[in-house]
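# dropping the sequence and predicted coords here.
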Amino acid sequence: MNKKYLLYLDILGFSELASEIAAKKGLDQRLVRQRFIGVIEERVSSIEKEGKIIGKKHGESDDWLLVTDSLGKTFNCILELHRHNTLFENYENIPLEIAIGTAEFDIWSK
């Protein structure tokens, strides 16, 4: 069995924050929500290309489950995920809920 580190990521206030920004900026809420998801997906893709995660799953909406093989990579991923920019003035950073866990998988697990 191999110990893996699980990183659960969720955008806090996803709909409410998108609604607030849309109202203040005169934008469609769907556009704002898509931007949020796109920004986080971009960060996830970046850390995946760097080999920091060994697995990922995007949930139904605004949540992700990432898998790393070391605690150091887990915290590095958190740092990289927080280095995002929505390009919305005064709302450049999306608040994130992050939880860390561990799991043991056999060699046949995907």
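Perfect, thanks for sending it.
# can you get me the start-to-end distance on stretch 66-77?
The first and last residues of stretch 66-77 sit 9 Å apart, counting by Cα to Cα, to the nearest Å.
# which helix in this structure has the most residues?
If you go by DSSP state H, the chain has its longest helix at helix 29-49.
# what packs against that one?
strand 2-11, helix 14-25, strand 55-58, strand 63-68, helix 71-82 (3 or more Cβ pairs under 8 Å, 6 or more residues apart in numbering; DSSP states H and E). For glycine as for every other residue, the C-beta is placed from the backbone atoms N, C-alpha and C.
# give me that answer again for 7 Å
helix 14-25, strand 63-68, helix 71-82 (3 or more Cβ pairs under 7 Å, 6 or more residues apart in numbering; DSSP states H and E).
# the ones you listed: which one's closest to Lys3?
Distance to Lys3, taken as Cβ to Cβ, is lowest for helix 71-82 among the helices and strands packed on helix 29-49, at 9.6 Å.
# and the closest one, what's buried?
By neighbour count on 16 or more other Cβ atoms under 10 Å, the buried set for helix 71-82 is Lys73, Thr74, Cys77, Ile78, Leu81.
# and the residue lying closest to the first one once chain neighbours are set aside, how far from Ala18?
Going back to what we said before, that points to Lys73. In space, Lys73 comes closest to Lys52 once its chain neighbours are excluded; the distance is 4.8 Å by Cβ to Cβ, 6 or more residues apart in numbering. Going from Lys52 to Ala18 by Cβ to Cβ, to the nearest Å gives 28 Å.
# then Val39?
Noted for Val39: a distance of 12 Å to Ala18, by Cβ to Cβ.
# the more surrounded of the two?
When neighbours are counted by other Cβ atoms under 10 Å, Val39 and Ala18 differ, and Ala18 comes out ahead with 25 against 20.
# pull stretch 91-108 out as CSV, backbone CA atoms only.
C-alpha atoms of stretch 91-108 as CSV (Å, rounded to 0.1, in the frame of the first residue of the first chain):
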residue,chain,number,x,y,z
TYR,A,91,-11.6,40.7,-6.5
GLU,A,92,-8.3,39.3,-7.7
ASN,A,93,-8.2,36.4,-5.3
ILE,A,94,-11.0,33.9,-4.9
PRO,A,95,-11.5,32.6,-1.3
LEU,A,96,-10.8,28.9,-1.2
GLU,A,97,-11.7,26.1,1.2
ILE,A,98,-8.9,23.6,1.4
ALA,A,99,-8.8,20.3,3.3
ILE,A,100,-6.0,17.8,3.5
GLY,A,101,-6.3,14.1,4.1
THR,A,102,-4.4,10.9,3.5
ALA,A,103,-5.3,7.6,1.9
GLU,A,104,-3.6,4.3,1.1
PHE,A,105,-4.0,2.7,-2.3
ASP,A,106,-2.7,-0.5,-3.8
ILE,A,107,-0.7,-0.5,-7.0
TRP,A,108,-3.9,-1.2,-9.1
